[in-house]
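Undergrad: take this sequence and fold it.
(2 chains)
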Amino acid sequence: MKGRCAGLVFVVGAVLTGVAASAADHGHSVAHADGDQQEANRRIRDLVHAANAGQPTAILAFNAAGLGMAALWSAADLMDLDREEHRAPFLLLAEHAAVSRRYHRELLRLYDPPAYRAFYTPAGTNLQAIVGRALRWKDPPRNMPEAVVMAAPESALAWLTAQSKGKPTNPELLLDILEAWGTTIGIGRERQYIPQLRALAAQLVANEDIRTDDTLLPGVLRFARPLSGSEAVESLASLAAHPADNIRIAAVAALGLVGDESALRALLAWVESERTPSVQAKIAEALGRWPDHPEAGAACLKLFERATESTVRRSVLYAAASSKWPQRNGLIHQALKMKDSMLLGAALAAEPVPDIEQELMRLLGTWDGKTPEPALIDALAASRVQAAVPVLVEALDRESNIAIRLKLIFALEKIKGTTAEQALLETLEETDDELEAEHLVSVIGRLKLSAAIPHLGRLARNEAVPMNVRVMAIWGLGCMPDESASAEIERIDAAFAELFAVTEADRADWDKAFHLSVAKPHLLLARYRMGSAAAGEEINSMFANDGPVVQSVLLLGILEQKADHPIIEKGLKSNEFFVLCAALAAARESNPGKYRPRIRELAASPFIQAAASVRGETWNLHKLLESP
Amino acid sequence: MKRESRTVLLSCLVMAMVFSAAQAHESPVERVGRMLRIWTDGSRLWLRYEAEYSERSVLLELHAMDANGDGAIQNEEQTAFLTTKANALAEHFRVRIGDASLTPTHAGPVVLKRDWRQICDFSVPITDVPAGTNDLRLTIQGMHVQPGEFQWTIGRGEKEDGPIPSEGKASLSARKAQPAAHSANRKQDCIELDFTLITAPIASIR
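TA: The predicted structure follows:
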């Protein structure tokens, strides 16, 4: 029920029959774990009943799995795995209930005790053994590998280890379990057994019976790829002589992921003898993992020169693009001269290359009045080709695609110069596109184009202008090292309550409400950048009294200014992920020596490390935690 | 699209634009949502606050909880952290019944659920409330500090809530409520929910 539905009258939900209950009576307090177990028992009894009656069980098993491992404990008690009709629903339940195994041990202990008991206590070993019996069933349900990997990892690991020590007795099941566990690792759900699986992978790859089995070896290599360490290098390198291309490709990929000196030596030796283009391309890609090693660059250059196919050269160019190889620039010049369209994008993906201006202008000429391709725009920007500015400005005049327009704007920002800057100012005056205006203001702020100050002031004060553009204009003014910008900011600050008044309509408009909430922090940051000590104090106070959204805005502003402000110390103590990351970034940028002890302390925490390993974040917390 | 998601997208957009170097295209808010349940048992008014977090945010809380830094959470560490948190949360609730202003207090342990929910009960006595129909206003402050989707409902959210008994001795109904979802706007820092509280004379209950 959404409480936001103003005026709704709800039916009375709670009417109790006495006033005698005291505050100490927790009859009404939160339901405890026993209630969950009782519910799990009830659902499992329903499941057993349905299975016994020959009724469909899949939905009941899924529903029970929704209660987590409490349901599996109950199922282990109440289901009879000697009965065929109980096996499929049991394993379906096991597979889905046990997804919680991916979480940190202490999280499970506090938040999900049945799961903790299952995976981290002796009692759990017994439960896992019950699930692990499925490994010995004839014709088990199809999801058996996934179920044992998730719910009975100890049994699955023991079984795999036995298989790895000689000729596998059940190759088909071996492959199925490796695939199931490999998938679990690939999607970041294996937290518990990585060291054991790493040792297992090395043992499997070294097993002669597996190495000579064309069916088993590809599956084993797929499993081993993300797990391989130095101990597997010799076994992987010896596969250079294997006749199958797919095996050699898999071994090369695994060596690349090992990433140490021994793996590099193995690849450098391998590339000399390799003749198959698809494998050569994979080797080039793998060598890209050693961007600081000139010998990797030398091997790639030789490969580029003797390659017979564009795919190999393209892989070499992508590997070279972000490397520091001394051969890099020569490779890119060579590629541009080859007039091979397949190589163009790869060559232009590189960081700026000296003396490339002429070649890029020649390519620009081939577009003959049309907007050049995005990769070429990026390359012109990266190499800051002044001669291209008139062509890019013309393209901006006629281009209507907003994505390409923004690319051209950012290219002009990078190249700089009077013509580029004048074009940006004129475009800001003329544009009626909200997104483009917002980006242009940010570009003009970064370039500190003081000619735009009056226009930015008008934008910030004009209530008809979209709120996001107004906020950006404040930020842009803050970037200007100019007294007229300071004066403009002071005027906006003095009239802030009036200029940025919140109305009832604003509250209903979430876009506007959000931008309104970050307008004041931006104004403070602008004043702080301009040297206001009072603004620094206000930032402190706002950080202390506000939530993670505003705290993040403040820290990102401080990060951008590379300032060492007290809110960094506060942010480093935050329980908010984004705030912590922003504080770490600001600490590293502003005063790494001062914050080094605190960063090391955070890096040593198993909980912070576990948070860093949760997928789906772009801050790269692991990197931020490295000692500055 | 949920409002929470929209806010998140907008946050991302603005920050990505302003600070192009920062990895700002993800949400700065890790909370999934909050639910407030309100009910009365005749002698007390109860509030149950359920906050749902992300895996990452509860991991960061464990780091804060781990006072001795040994990588494990002792019961005392857990209790100390969660009690402090619940007491701080209690500061955000204000109840006004008629002319009387009341502050709910934290009651019972904070319960942790496997979907990363933390559930905490608060209560305040209403035995001094005059029998009959009373206006009740619940004010929740500090909404910007606890961002995320907010919902509320009447009842404990347990099976025994059931239908209204025909001879109830105290009852609560929503009378008028502001929109419960909130923005990150500082000026919209509190939510006020209005109810009608009907209480019967003590004698009639006995």
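
Undergrad: only C-alpha atoms for contact and neighbour calcs from this point on.
TA: Fine.

Undergrad: lowest-scoring secondary structure element of the chain by mean pLDDT?
TA: If you meant another chain, say so; for now it's chain A. Every helix and strand of chain A was ranked by mean pLDDT, DSSP states H and E. The lowest is helix A:504-508, at a mean of 66.

Undergrad: chain B was what I was after
TA: Result, chain B / mean pLDDT, DSSP H and E: helix B:3-18, a mean of 38.

Undergrad: right, is the next helix or strand along the chain from that one up against chain A?
TA: Reading on from helix B:3-18 to the C-terminus, the next helix or strand found by DSSP states H and E is strand B:33-40. Yes: legend: contact between strand B:33-40 and chain A by CA under 8 Å from any CA of the partner chain is shown at B:39-40.

Undergrad: quickly run through the sheet partners of strand B:33-40, with directions.
TA: Applying DSSP bridges, strand B:33-40 is found paired with strand B:44-52 (antiparallel), strand B:149-154 (parallel).

Undergrad: quick check: residues of the stretch 51-200 of chain A near chain B?
TA: A:106-108, A:110-112.

Undergrad: name the nearest residue to A:Ser574, ignoring sequence neighbours.
TA: Leaving aside its chain neighbours, A:Ser574 sits nearest to A:Leu580 (5.6 Å; criterion: CA to CA, 6 or more residues apart in numbering or on different chains).

Undergrad: which residues of chain B score low on pLDDT?
TA: Across chain B, the ranges flagged by pLDDT under 70 are B:1-32, B:144, B:146-148, B:157-189, B:201-206.

Undergrad: show me the helices in it, by range?
TA: B:3-18, B:55-65, B:75-90, B:202-205 (DSSP state H).

Undergrad: how is chain B divided into domains?
TA: Following automatic domain parsing, one gets these domains for chain B: B:1-29, B:31-205.

Undergrad: ok, A:Ala58 - contacts?
TA: Shown in contact with A:Ala58 (CA atoms under 8 Å, 6 or more residues apart in numbering or on different chains): A:89, A:92.

Undergrad: tell me how far it lies from chain B.
TA: 23 Å (CA to the nearest CA, to the nearest Å).

Undergrad: how close does that residue get to A:Ala64?
TA: 10 Å (CA to CA, to the nearest Å).

Undergrad: could you look up the SS state of A:Glu626?
TA: What DSSP: H, G, I helix; E, B strand; the rest coil gives for A:Glu626 is coil.

Undergrad: state the pLDDT value of A:Asp34.
TA: With respect to pLDDT, A:Asp34 has a value of 69.

Undergrad: ok, A:Val12 next?
TA: 24.

Undergrad: gap between stretch A:66-82 and the chain center?
TA: In terms of CA atoms, centre = their mean, to the nearest Å, the gap separating the centre of stretch A:66-82 from the centre of its chain is 35 Å.

Undergrad: got any ranges where the stretch 251-400 of chain A has weak pLDDT?
TA: A:350.

Undergrad: at 50 what do you get?
TA: Filtered on pLDDT under 50, the stretch 251-400 of chain A yields no residues whatsoever.

Undergrad: tell me which stretches of it form helices.
TA: With helices called from DSSP state H, counting those that start in this stretch, the stretch 251-400 of chain A shows them at A:261-273, A:277-287, A:294-306, A:310-321, A:328-337, A:341-348, A:357-365, A:374-382, A:389-398.

Undergrad: likewise for the stretch 501-628 of chain A?
TA: Counting by DSSP H, counting those that start in this stretch, the helices of the stretch 501-628 of chain A are A:504-508, A:510-529, A:533-545, A:548-561, A:566-571, A:577-590, A:592-604, A:606-612, A:621-624.

Undergrad: tell me which of those helices sits nearest to B:Pro125.
TA: For the helices of the stretch 501-628 of chain A, proximity to B:Pro125 was assessed by CA to CA; helix A:533-545 is nearest, at 30.2 Å.

Undergrad: so the closest one versus helix A:510-529, what angle?
TA: 140 degrees (axes from the mean of the first three to the mean of the last three CA atoms, to 10 degrees).

Undergrad: which residues are contacting helix A:533-545?
TA: With CA under 8 Å, 6+ apart as the test, helix A:533-545 has contacts from A:521, A:524-525, A:527-528, A:550-551, A:554, A:565-567, B:145.

Undergrad: tell me which element A:Thr427 falls in.
TA: Using DSSP H and E, A:Thr427 falls in helix A:418-430.

Undergrad: now whichever helix or strand comes after that helix: mean pLDDT?
TA: Next along the chain after helix A:418-430, taking DSSP H and E as the criterion, comes helix A:434-447. The average of the pLDDT scores along helix A:434-447 is 96.

Undergrad: residues of the stretch 501-628 of chain A that sit close to chain B?
TA: Residues of the stretch 501-628 of chain A lying close to chain B by CA under 8 Å from any CA are A:502, A:507, A:510-511, A:513-514, A:516-517, A:545-549, A:552-553, A:556-557, A:560, A:575-579, A:605-608, A:610-611, A:614, A:617-619.

Undergrad: just to revisit the earlier point, and the residue nearest to A:Ser574, what is it in contact with?
TA: A:571-574.

Undergrad: beta partners for B:Leu138?
TA: Assigned bridge partners for B:Leu138, using DSSP bridges, are B:Val95, B:Leu193.

Undergrad: what residues of stretch A:376-389 count as buried?
TA: Residues A:376-386, A:388-389 are the ones in stretch A:376-389 that count as buried (16 or more other CA atoms under 10 Å in any protein chain shown).

Undergrad: what is the end-to-end distance of that stretch?
TA: OK, stretch A:376-389 end separation, CA to CA: 13 Å.

Undergrad: now do that stretch: everything it contacts.
TA: A:345, A:348-354, A:356-357, A:360-361, A:364, A:407-408, A:410-412, A:414-417, A:419-420.

Undergrad: mind redoing it with 6 Å?
TA: Stretch A:376-389 is contacted from outside by A:348, A:352, A:411, A:414-415, using CA atoms under 6 Å, 6 or more residues apart in numbering or on different chains.

Undergrad: who wins for most neighbours among these?
TA: Neighbour counts for these peak at A:Leu348, which has 25 neighbours (criterion: other CA atoms under 10 Å in any protein chain shown).

Undergrad: give me the number of residues near the nearest residue to A:Pro277 once chain neighbours are set aside?
TA: Nearest non-adjacent residue to A:Pro277, counting by CA to CA, 6+ apart: A:Val312, 6.2 Å away. When neighbours are defined as other CA under 10 Å, A:Val312 has 25 of them.
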